[in-house]
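Novice: The amino acid sequence is not available; the structure is as follows:
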C-alpha cells in the first residue's frame, strides 16, 4: 500500500458498489462507504465530488484510452475505421471486469440520478471523440455523427455483453454491432427482405 | 381564452425562456415565471414539475409525432427508412419556430442542469423509438442502433440549423446528415480519398 494508498479510488468504488447493491443508493451515505473501505469521509471527497461520481471512477481513463486509439489510427483510415480501433482498445479493458460491470449496471439502472450521470458521461465521451476526429481532419458534422455512432455501437454491445447468460467477449459484440450499423445505414433489415 | 386557458403551457414556456435569457436560469424563480405569464405559481406546478421541465414542454408531442411517423411507415420499409419518415415528420413542426429554438438552445447550453435534462429527454426519445421499431418486427439490437442513430442524425442537423447565419430548412439538413451517416458507415470520408 505505502502511504500514498495507490488503490484508494478502486477501494472506494468497490465499497460503494457493494453498499448500493445491498442497501440501495439512496440509503447509503458517504460516511458508510468510507468506513467500509477503511478510509475517512475526507479521503472520499478528495477523490470523488459526490456519491454518484464514485461509480464512474474509470470514466476519464476510458475516455483517454478511447480517444488515443482513435487519434492513433493510421492517417489514411476512414472515420468509422478509426472509431473501430477505439472500440477495440476499450473493449479489451472491460473484458476482465464483467462481474463488476453487471453489478454496477444493475445499480445504475435502478437509480434515476445514476442514469442521469451516466448519460452525462456518455455525452462527454461523444464530445471528446468528436474533437479527436476533428483533429484527424474529419469535417465537423461527420465527426459528430461518427462519434455519436461509435458511442451508440458501444452502448448496444455493452448492454448485450452484461446479459446474464451472455458469454461472448465484448470486442466481438462490438464488431457485430458495428456490422449491424453498416447494414442499417445501407437500408438493410427491411422486413420484406427477410421473407 | 376561456376558463380552460388552452395555451397556458405555451405562455409559461415563453415567459420562462424570456426570463432565463434575461436573468439566467438560476436567478429566475417559478413565482416570477408565473407572474410574467399572468398566472399563479400553483398553475405553473399543475403543468410542470419544476423550473427545468418548462423548457421541454413539447417533448411529449415530439416523441408522439416521431414514433407515430416511424410506426406508420410502409411495412416493407427498412428501419433506416422508417426513421427517415419520422425525421421528416418532426422537422416540419420545428421549421416555424427557429427563433424560439435558437433562444432556447442558448439557455440550455449555458446551464448544466438544463443540459442534463435535455440528455434525459433524448434518451427517452431513443428508448421510445427503439420500442416502436421493435413493434415493426425489427430485432432488438438493430432497433436500438437505428433509434440511437436517428437521434444522433437529428441532433447534428438541429445543431447546424440553429447556427446564426444558417438559412437551410431543418428537413434538408436532416436528410444531409442521414446521407453523411450512410457515407460514414460505408467507410467514406477517409482523408486519403479527399486528396
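Specialist: Nice, I can see it. Owing to the predicted nature of the structure, the values given are computational and were not obtained by experimental measurement.
Novice: quick one: low-confidence parts of chain A?
Specialist: Per-residue confidence for chain A (pLDDT under 70) gives these ranges: A:1-6, A:189-195.
Novice: let's go with 80 and repeat that
Specialist: A:1-6, A:188-195 (pLDDT under 80).
Novice: Which parts of it belong to which domain?
Specialist: In terms of domains, chain A is parsed into A:8-53, A:58-186 (source: automatic domain parsing).
Novice: most packed of the ones you listed?
Specialist: Looking across these with neighbours counted as mean count of other Cβ atoms under 10 Å in any protein chain shown, the highest average goes to domain A:58-186: a mean of 18. In this view, the C-beta of every residue, glycine as well, is placed from N, C-alpha and C.
Novice: Just the endpoints, please. Distance across it?
Specialist: The first residue of domain A:58-186 is 35 Å away from its last residue (Cα to Cα, to the nearest Å).
Novice: Is any residue of that domain near chain B?
Specialist: Yes: Domain A:58-186 lies in contact with chain B when judged by Cβ under 8 Å from any Cβ of the partner chain; the contacting residues are A:75-81, A:115-116, A:119-120, A:123, A:136-139, A:141-142, A:144-146, A:148-149, A:152-153, A:155-156, A:159-160, A:177, A:180-186.
Novice: coming back round to it: with distance to residue B:165 as new columns, can the domains of chain A be given to me in JSON lines?
Specialist: Listed next are the domains of chain A as JSON lines, based on distance: least, Cβ to Cβ, whole Å:
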{"stretch": "domain A:8-53", "distance to residue B:165": "39"}
{"stretch": "domain A:58-186", "distance to residue B:165": "15"}
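Novice: And these: which comes nearest residue B:56?
Specialist: Residue B:56 lies closest, by Cβ to Cβ, to one member of the domains of chain A: domain A:58-186, at 14.3 Å.
Novice: how far does the closest one sit from the chain's center?
Specialist: How far domain A:58-186 lies from its chain's middle: 7 Å, per Cα atoms, centre = their mean, to the nearest Å.
Novice: Then stretch A:41-48?
Specialist: Computed by Cα atoms, centre = their mean, the chain-centroid distance of stretch A:41-48 equals 23 Å.
Novice: Which of the residues of domain A:58-186 next to chain B fall in helices?
Specialist: Secondary-structure check on those using DSSP state H: residues within helices are A:79-81, A:115-116, A:119-120, A:123, A:141-142, A:144-146, A:148-149, A:152-153, A:155-156, A:159-160, A:177, A:180-185.
Novice: which residues are contacting the helix or strand encompassing residue A:171?
Specialist: Assigned by DSSP states H and E, residue A:171 falls within helix A:170-185. Contacts made with helix A:170-185 from outside it, assessed by Cβ atoms under 8 Å, 6 or more residues apart in numbering or on different chains, are listed as A:80, A:84, A:87-88, A:91-92, A:94-95, A:149, A:152-154, A:156-158, A:160-161, A:166, A:189, B:78-80, B:141-142, B:145-146, B:149, B:181-182, B:184-186.
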